[in-house]
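Enquirer: Requesting a structural model of the entry that follows:
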Amino acid sequence: AEGNIGGQNDSLSLVCIPSVHLCRKIKQLGKCADLNVRQEMDMVLELFEILKPYAKVSFHITPEAASACLDQVYFFYMVVNLVDNAIKYSGDHPCVTIDCWKENDNFVIAVRDNGIGIPKREQKRIFRAFYRMNTRCVRRTTGFGLGLTFVRKVVDTYGGDIQVESKVGVGSSFIVVLPQ
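Expert: Prediction:
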């Protein structure tokens, strides 16, 4: 099928492979650079325009959040994993928004979708390695259940926090708070 790898629905499976290696190396995190957040978001949008052109992905960055003290590689993969999940679980017309702002001494990024939503009882489990919800929609999508585990490891390494706000049938928001 067009735009698929091996006939599967997950054209980003090649992007997920480095996540396993990055999870092993995450304890080495600590490189902090003045990251151009707009440039990183432009690269994320370009990636999804190529690999998943049917998805509408947009972002908004407040002026004070245009740069942040973050590792470029880990930040990019974290955002890619969040956006990829948002698209995967949003049906035929995915709409994903990414908002970045600074609050107190923290960099905050929120990834919101119009997807299937996550039941409250599943929200803590989704960060476990290899965990996938057992619903028909989830069974039709490919993945290993490592993307959110990787995101959680990055957030924890920064001493940050990740929250999930979700309503079944409406969509989900993942809000990541990273100290600066």
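Enquirer: What ranges does this structure have for its helices?
Expert: In the chain, helices defined by DSSP state H lie at 13-25, 37-51, 72-88, 136-139, 147-157, listed in chain order.
Enquirer: Output those in JSON lines, with distance to residue 176 appended to each entry.
Expert: The C-beta positions use only the backbone N, C-alpha and C, and glycine is treated the same way. Shown next, in JSON lines, are these (distance: least, C-beta to C-beta, whole Å):
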{"stretch": "helix 13-25", "distance to residue 176": "16"}
{"stretch": "helix 37-51", "distance to residue 176": "13"}
{"stretch": "helix 72-88", "distance to residue 176": "7"}
{"stretch": "helix 136-139", "distance to residue 176": "22"}
{"stretch": "helix 147-157", "distance to residue 176": "6"}
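Enquirer: Export those helices to TSV and append columns for mean neighbour count and distance to residue 123.
Expert: What follows is those, written out as TSV (neighbours: other C-beta atoms under 10 Å; distance: least, C-beta to C-beta, whole Å):
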stretch	mean neighbour count	distance to residue 123
helix 13-25	14	21
helix 37-51	16	24
helix 72-88	22	13
helix 136-139	12	14
helix 147-157	20	11
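Enquirer: Indicate which one of the ones you listed is closest to residue 129.
Expert: The closest of the helices of the chain to residue 129 is helix 147-157. By C-beta to C-beta, the value is 4.5 Å.
Enquirer: Just the CA coordinates for the closest one, please, in PDB.
Expert: Only the C-alpha atoms of helix 147-157 are listed here, as PDB (Å, rounded to 0.1, in the frame of the first residue of the first chain):
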ATOM      1  CA  GLY A 147       7.100   5.200  22.300                       C
ATOM      2  CA  LEU A 148       5.500   6.400  25.500                       C
ATOM      3  CA  THR A 149       8.000   4.500  27.600                       C
ATOM      4  CA  PHE A 150      10.800   6.400  25.800                       C
ATOM      5  CA  VAL A 151       8.900   9.700  26.400                       C
ATOM      6  CA  ARG A 152       8.500   9.000  30.100                       C
ATOM      7  CA  LYS A 153      12.300   8.200  30.400                       C
ATOM      8  CA  VAL A 154      13.200  11.500  28.800                       C
ATOM      9  CA  VAL A 155      10.800  13.400  31.000                       C
ATOM     10  CA  ASP A 156      12.000  11.600  34.100                       C
ATOM     11  CA  THR A 157      15.700  12.200  33.300                       C
END
